[in-house]
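J.: here are the coordinates; sequence isn't available:
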């Protein structure tokens, strides 16, 4: 406190590192042969992946209270993640008839900063509230040297021979990739709220108006370098049986007996983009007595999304200037002081990301997929309808049951491009389906077990349950491309469930949290006729956190993540029987990422 003014600070610094090592089974298949009732395999790879991750983060927040009517906050958040990854690939490529012993070496550095300065001001006996916020954010992604090379194994002798192309390079088999992304965003918002209060009145409406501004700019640059035999007739073939570092000795990079650079960069490897969003809204809260409340409003948005790149035919420009009116309404009826029924409607948007719009094409060694953007993507609109029953037994507790319906126009999906790619490396892009519908029910329970028995242990327990069932259907329209309309929206699972047990003993300062999560089978990649959709199969996840305050300064926390360590599994229903058999259907990818254990010690500088 400074001269009756309150000043507060929260600062947190965290650092962690983790090492993982796990195997991945990868495969892909040709279109289903109806005559032979099978699909021939394109490849079957066994990857061994090594990862080293380092995280560093800072939270630094200040709050200043001039008096009870005027407060200011300055919030800062910075996170940085560094990842080093090595992947060794063995197995067999049946389509090209070779046994690979390939490697990729990837270093990736990502960071994000977010800063906000805000104020809250109350006037007119606190019946008028004005708040504002100004923000700045910056994020970056640096990939300084993504190296890949392939060796072929002689099945008889076991000898490994480096693969060095002749003529045109194949950078995915012998090459290096560099990329850098920088993004800056400036934001601002103002909100005004006024309470029309009258003494002894049963009707006290609240009016809210406000505006929001966002200005985002991104630049992305990359370079793709491949290597070839400098002179096919003079090339020193003894280099092919040497370690990869010998091949790249300076004396072996020449124009005769060694290798030379074959630039594989394309015009679409770079892009610059911006997004300017201006929005204003107004809503009114109309309560009547203590029973009925109507909140209705409208938001008007103008969004200008621009992107500049190029392809082999010339410049590629995106200039999406879209104005949308987004209404919303919420009607609630209080059955009693603890129970209410709520009906709601709202229109929302899903804009394409810059990466989805950019024509940039990127080969992912790990997935053995190529991803390319689509500058023609449209903004998706979503109509949301909800009917909800809510019961609040006690403070901090809730039991609710809701039914919902969502209608998507132009939903964005990841789609397969037939005929693109080679050597089993499929190519995926993004497209707008015509329509999609999601409808379902959701149950949420948060309940303390205090008072149910005489057990002091149960008095400190809280149970959390959140479960949903969703029926999803999509209408593809022009992007059908021999796909079936009889499928859910990509990424939408038919069910999901979260269950939690929370133990908190205030006296002993022990806290134990046990969390369980499962998500139903969902489409990861959309196929086409003869090449089935690729599904991500359900997996059960169990996490445990245990913490203890050692004194008023120190606290200790232990994290145990993914205790069950079940397989991640991408599966195709190759025979079309609809069963998705984990043992007999076509496995696209299968791996266990491993259990993760963490221990942290916290220290409070100020108490």
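T.: Thanks, I have the structure now. Being a predicted model, the structure only gives us computed values, none of them experimental.
J.: pLDDT score assigned to residue 108?
T.: Residue-level confidence at residue 108 comes out at 97, pLDDT.
J.: ok, now how distant is it from residue 84?
T.: 8 Å (Cβ to Cβ, to the nearest Å). Every C-beta, even on glycine, is put in place using the N, C-alpha and C of the backbone.
J.: who's in contact with the closest residue to residue 101 other than its chain neighbours?
T.: Spatial nearest neighbour of residue 101, excluding adjacent residues (Cβ to Cβ, 6 or more residues apart in numbering): residue 151 at 4.3 Å. Each residue near residue 151 by Cβ atoms under 8 Å, 6 or more residues apart in numbering is listed here: 100-102, 160-163.
J.: can you check residue 559 too?
T.: 543-545, 596-600.
J.: any chance of those residues in TSV, plus secondary structure and pLDDT?
T.: What follows is these, written out as TSV (DSSP: H, G, I helix; E, B strand; the rest coil; pLDDT from 0 to 100):
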residue	secondary structure	pLDDT
543	strand	97
544	strand	97
545	strand	97
596	strand	88
597	strand	89
598	strand	86
599	strand	87
600	strand	86
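J.: burial count for residue 28?
T.: Residues near residue 28, counting by other Cβ atoms under 10 Å, number 27.
J.: so which elements touch the helix or strand containing it?
T.: Assigned by DSSP states H and E, residue 28 belongs to strand 6-29. The contact analysis (3 or more Cβ pairs under 8 Å, 6 or more residues apart in numbering; DSSP states H and E) places strand 6-29 against strand 41-67, strand 586-591, strand 596-603.
J.: can you redo the ones you listed as TSV with distance to residue 580 and mean neighbour count?
T.: As requested, the helices and strands packed on strand 6-29 are exported to TSV (distance: least, Cβ to Cβ, whole Å; neighbours: other Cβ atoms under 10 Å):
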stretch	distance to residue 580	mean neighbour count
strand 41-67	18	16
strand 586-591	10	20
strand 596-603	28	12
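J.: let me have those strands in TSV, adding distance to residue 238 as columns.
T.: Shown next, in TSV, are the helices and strands packed on strand 6-29 (distance: least, Cβ to Cβ, whole Å):
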stretch	distance to residue 238
strand 41-67	28
strand 586-591	37
strand 596-603	45
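J.: so what pairs up with the residue nearest to residue 15 when sequence neighbours are not counted in the strands?
T.: Spatial nearest neighbour of residue 15, excluding adjacent residues (Cβ to Cβ, 6+ apart): residue 56 at 5.3 Å. Taking DSSP bridges as the rule, residue 56 bridges to residue 15, residue 80.
J.: check what contacts stretch 386-395 and list those residues.
T.: With Cβ under 8 Å, 6+ apart, stretch 386-395 has contacts from 338-345, 398-404, 447-448.
J.: tell me what the helix or strand harbouring residue 191 is packed against?
T.: Taking DSSP H and E as the definition, residue 191 sits inside strand 174-195. With contacts taken as 3+ Cβ pairs under 8 Å, 6+ apart, strand 174-195 sits against strand 128-149, strand 206-229.
J.: what's around the nearest residue to residue 226 once chain neighbours are set aside, how many residues?
T.: Nearest non-adjacent residue to residue 226, counting by Cβ to Cβ, 6+ apart: residue 169, 2.5 Å away. The number of residues packed near residue 169 is 23, by other Cβ under 10 Å.
J.: residue 259 versus residue 169, what's the distance?
T.: For residue 169, the distance to residue 259 - Cβ to Cβ - is 10 Å.
J.: go on, residue 152?
T.: Counting by Cβ to Cβ - residue 152 and residue 259 are separated by 17 Å.
J.: so for the closest residue to residue 219 other than its chain neighbours, what's the pLDDT?
T.: Closest residue to residue 219 apart from its sequence neighbours, by Cβ to Cβ, 6+ apart: residue 272 at 5.0 Å. Looking at residue 272, its pLDDT is 98.
J.: who touches both of residue 169 and residue 259?
T.: 227-228.
J.: so where's the chain shaky on pLDDT?
T.: 1-3, 37, 199-201, 419-424, 477-485, 605-607 (pLDDT under 70).
J.: run the chain-centre distance for the strand holding residue 28.
T.: Offset of strand 6-29 from its chain centre (Cα atoms, centre = their mean, to the nearest Å): 14 Å.
J.: now do the helix or strand containing residue 74 against strand 128-149, angle only.
T.: Per DSSP H and E, residue 74 falls inside strand 70-93. In terms of direction (axes from the mean of the first three to the mean of the last three Cα atoms, to 10 degrees), strand 70-93 departs from strand 128-149 by 20 degrees.
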